[in-house]
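[1] Sharing a model prediction with you, sequence too.
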Amino acid sequence: VQFASVALATETAQVVHGAEVSAAALVEEVEDIGFEAAVKSTAPNKPEATVGGSSMRLRITGMTCSACSTAVESALKGCTGVRTATVSVTTEQAEIEVDSSKVVLENVLEAVEDIGFEAELIPMSVTNTIQLTVGGMTCSACSGAVEKALLELPAIPAAPPTSLPLPDPSSLPPPDPSPLPPPDSARYPRLTLLATPARPLPLPPPDPSLSAANHRPMAAHRMSSLSA
């Protein structure tokens, strides 16, 4: 956003912005601080030369109140070739319509500096002018808050790529057909142990004391106990 001017009486806002800022973003910015906003009109600005065009934008520093902006407006309107002038304390900018065949930039800057302020030309580029209707404002503090929010709207950077491009399969090296070498048993004994195929463990020999013949006396004793 290069310029923003909010009028409390008409409940409108005039915004000059670059292509990187959308109208929806401006509306959302106003609504985020508690006011209602809607797009009234929008139009592209023609790219003009910094001095030879029909409009100029100045950066004014040193203003602290509405009396300062009024004094700057009066000084600008008194310059030869200046048709209209609008000065904003919040943005520290002045928007002036000029007759390019009569206006002299040095005289305009000098007129502002003669009343105690600093002025410099802001180069103009391809921009859009949008008119917003702003509802809910009740005082100059409200309009000032809207101007500040619009001017602080950051530019939206280009989105980074969501994924990296996949390599061309034909450019990849062919797979190695040779098998992997066996692990080095001296350096990695545990890997060697894990790489050894498993073998079934041998069963222990049968215990002779647990043979069926040795169980017969015990079984006879149990039967005699039960019959008794």
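    Right, received. Where do you want to start? Numbers count the residues shown, from 1 in each chain.

[2] In terms of helices and strands, where is residue 73?
    Residue 73 belongs to helix 66-77 when elements are defined using DSSP states H and E.

[3] In its sheet, which strands sit next to the next helix or strand after that helix, and in what direction?
    Downstream of helix 66-77, the first helix or strand assigned by DSSP H and E is strand 82-88. With DSSP bridges as the test, strand 82-88 is paired with strand 93-98 (antiparallel).

[4] Give the residue spans of this protein that score low on pLDDT.
    Scanning the chain for pLDDT under 70 picks out 19, 46-53, 124-126, 154-173, 175-204, 206-228.

[5] how about the strands in it?
    Using DSSP state E, the strands of the chain run over residues 3-7, 12-17, 36-44, 55-61, 82-88, 93-98, 118-121, 128-135.

[6] OK, contacts around residue 109?
    Listed by Cβ atoms under 8 Å, 6 or more residues apart in numbering, the contact set of residue 109 reads 58, 119-121. Placement of C-beta: from N, CA and C, glycine included.

[7] closest to residue 130 among these?
    Residue 130 has its nearest neighbour among these in residue 58, at 21.3 Å by Cβ to Cβ.

[8] Could you give the number of residues near residue 21?
    Other residues within reach of residue 21, judged by other Cβ atoms under 10 Å, total 21.

[9] Settle this for me: it is touching residue 153, isn't it.
    Yes. Counting by Cβ atoms under 8 Å, residue 21 touches residue 153, with 6.1 Å between them.

[10] For the two, list the residues in contact with both.
    Common neighbours of residue 21 and residue 153 (criterion: Cβ under 8 Å, 6+ apart): residue 1.

[11] quick one: contacts for residue 148?
    residue 90.

[12] hang on, the earlier thing: may I see the buried residues of the helix holding residue 73?
    Across helix 66-77, burial judged by 16 or more other Cβ atoms under 10 Å covers 68-69, 71-73, 75-76.

[13] Redo the residues you listed as CSV? Include distance to residue 134.
    Shown next, in CSV, are those (distance: Cβ to Cβ, whole Å):
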residue, distance to residue 134
68, 24
69, 20
71, 27
72, 25
73, 23
75, 29
76, 26
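
[14] picking up where we left off before, quick one: which of the strands of the chain is nearest residue 141?
    Among those, strand 3-7 comes nearest to residue 141, with 11.3 Å by Cβ to Cβ.

[15] Given the closest one, what are its sheet partners and their directions?
    By DSSP bridges, strand 3-7 pairs with strand 12-17 (antiparallel).
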